[in-house]
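K.L.:
Here is a sequence together with a model predicted from it:
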Amino acid sequence: MQDDRLTPSEGQLEAALGSLKPTAASVDRDALMFAAGRASTRRLRCLWQGASVLLVVLLAVSIATRPEPVEPQARDILVAAHTQRSPIGGVITRVSEPMDETKLETCAQYVRLRQAVLEGSVEALPASVSLPSGKRKPPLNPGDLDDFLSST
Amino acid sequence: MMESMDAERLSQCYDAYCDRLVLYARNWLDDDEAGDVVQVAFTRLMTQVLAPRNVGAWLFRTVRNEAITRLRRRARRSRHHQRLAARREWFESHPEDLIDSATAQRILAALPDDQREVVLLRIWGQLSLRQIAAIVGGSVTTVRSRYTAALTAIRERMQQSCKTID
């Protein structure tokens, strides 16, 4: 209170009044301390509740705004070829890429031969396989066979 | 702002300010409500994340706001003035006191509200005029003029009281 300049008489009066002591408060000290302690824990509880609500809201928003999974799109390629029944009853309707006609015939021949061996025995194997005249047997690799089987 | 409050600090604040705060709250409310308001102020103090820099000034300001809120809510202002002087004693009475406590209470109760508030904050709240100005929402000059006017009025009324006794 050094910044408060008072005259000497005012200072004396102030000191005289200040000598009077306020009567004891009718506040229950224990009740006050208990209430204050409970209030301080309420603050902590509110903090946790707020954090929980925030997390729930964030979770709900993330679920609501979740992007749809992108499905792989199949690319259809129509093959201009005559329909031919495959040995296992399928019809060649769609292939991933157009296959060479000679290679197609070789694959079909292989499947027919395999089916005959599975149903009969090794004797079912022909002595020799005849190819259409003027055509040379193309080399067959596992990739060609997979393409063929997947297209049937 | 400082570190957060704990039970020990609250206990110290209670011992230092409780009686003065109740005396200050009696400026507007009766004894029971004054006690309630002070309890509310201490409870709010414990809910502060960080303790106020000046706990005393913060408590007086909180008591003031809460008391005025209650007063407005219950619209008791007209009856309040009539009952102000009829309350229980504000000060303890001791033979060695320089001023008679009952006389002081009567003179203080007769002061205008704004002057009485400044006197209570200054003498028993032990706050500077600058802090009082921050609490009551006025300039330091205004608070100083209220305070000197109140002291002048108190001195005159005490002199009149002494003459009456003589």
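P.N.:
Right, received. Where do you want to start?
K.L.:
Just give me the residue closest to the centre of chain B.
P.N.:
B:Y24 (1.9 Å; Cα atoms, centre = their mean).
K.L.:
near chain B, which residues of chain A?
P.N.:
Counting by Cβ under 8 Å from any Cβ of the partner chain, chain A comes close to chain B at A:1-4, A:6, A:9-10, A:13-27, A:29, A:31-33, A:35-37, A:39-40, A:42-43. Yep, even glycine has a C-beta here, placed from its N, CA and C like the rest.
K.L.:
where do the helices sit along chain A?
P.N.:
A:8-18, A:29-64, A:101-119, A:142-151 (DSSP state H).
K.L.:
so what secondary structure elements neighbour the first one?
P.N.:
It refers to helix A:8-18. With contacts defined as 3 or more Cβ pairs under 8 Å, 6 or more residues apart in numbering or on different chains; DSSP states H and E, the packing partners of helix A:8-18 are helix B:140-165.
K.L.:
Now do the helix it packs on against helix A:8-18, angle only.
P.N.:
Orientation check (axes from the mean of the first three to the mean of the last three Cα atoms, to 10 degrees): helix B:140-165 against helix A:8-18 gives 70 degrees.
K.L.:
ok, helix B:140-165 near chain A or not?
P.N.:
Yes: with Cβ under 8 Å from any Cβ as the measure, helix B:140-165 is seen reaching chain A through B:R144, B:T148, B:L151, B:I154, B:R155.
K.L.:
wait, the fourth one sits on B:I107?
P.N.:
Yes: the criterion here is Cβ atoms under 8 Å, and B:I154 meets it with B:I107 at 5.4 Å.
K.L.:
Check residue 139 and give its pLDDT.
P.N.:
Reading this off chain A. Looking at A:P139, its pLDDT reads 67.
K.L.:
was after chain B, sorry
P.N.:
Looking at B:S139, its pLDDT is 92.
K.L.:
and if you look at A:A60?
P.N.:
Reported pLDDT for A:A60: 93.
K.L.:
same question, A:I77
P.N.:
What the model reports for A:I77 is a pLDDT of 69.
K.L.:
got the angle between the helix or strand hosting B:A109 and helix B:140-165?
P.N.:
Using DSSP states H and E, B:A109 sits within helix B:101-110. Counting by the same axes, to 10 degrees, helix B:101-110 lies at 130 degrees to helix B:140-165.
K.L.:
So what touches whichever helix or strand comes after helix B:101-110?
P.N.:
Proceeding N to C from helix B:101-110, the next assigned helix or strand is helix B:113-119, under DSSP H and E. Here helix B:113-119 makes contact (Cβ atoms under 8 Å, 6 or more residues apart in numbering or on different chains) with A:17, B:24, B:27, B:64, B:108-109, B:111, B:132, B:136, B:143, B:146-147, B:149-151, B:153-154.
K.L.:
Now list the buried members of these.
P.N.:
Buried by 16 or more other Cβ atoms under 10 Å in any protein chain shown: A:17, B:24, B:27, B:64, B:108-109, B:111, B:132, B:136, B:143, B:146-147, B:150-151, B:153-154, out of the contacts of helix B:113-119.
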